[in-house]
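**Q** kindly generate the corresponding structure for this input.
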Amino acid sequence: MRKFLYLLSKTIKHIFNINLLKIIFWSLSAWYANSTLQEIHCILEVIAIVTSMINQSLNKGMLK
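**A** Okay, here's the model as predicted:
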């Protein structure tokens, strides 16, 4: 169980360090490319959904 939590935390750190930063970078790039506010809002919604999904999976993993 401890090894599972360790691997889960490493995976989540990897997701946050790589993918989330890439998403934020591309959303900022879209902002500077004169995208509409609605498109940027959609990107931020996706970031919020992904973050909440990761938090839920963390909570479920910790409770077991």
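
**Q** check which helix or strand covers the residue lying closest to residue 8 once chain neighbours are set aside.
**A** Counting by Cβ to Cβ, 6 or more residues apart in numbering, residue 8 lies nearest to residue 61, which is 5.4 Å off, once chain neighbours are set aside. Glycine gets a C-beta too; all of them are placed from N, C-alpha and C. Following DSSP states H and E, the helix or strand that holds residue 61 is helix 37-63.

**Q** give the rounded mean pLDDT of that helix.
**A** Helix 37-63 carries an average pLDDT of 76.

**Q** residues contacting residue 47?
**A** For residue 47, the contacting residues are 20, 23, 24, 27, by Cβ atoms under 8 Å, 6 or more residues apart in numbering.

**Q** residue 44 contacts residue 28, correct?
**A** No: with contacts counted by Cβ atoms under 8 Å, residue 44 stays clear of residue 28, the gap being 11.0 Å.

**Q** give the next helix or strand downstream of whichever strand or helix holds residue 11.
**A** Using DSSP H and E, residue 11 maps to helix 2-15. As assigned by DSSP H and E, the chain's next helix or strand after helix 2-15 is helix 21-32.

**Q** please name every helix or strand in contact with that next one.
**A** Secondary-structure packing of helix 21-32 (3 or more Cβ pairs under 8 Å, 6 or more residues apart in numbering; DSSP states H and E): helix 37-63.

**Q** count the neighbours of residue 6 for me.
**A** 10 (other Cβ atoms under 10 Å).

**Q** per-residue pLDDT, it?
**A** pLDDT, read off for residue 6, is 75.

**Q** that one and residue 61, how far apart?
**A** Computed as Cβ to Cβ, to the nearest Å, the residue 6 to residue 61 distance reads 11 Å.
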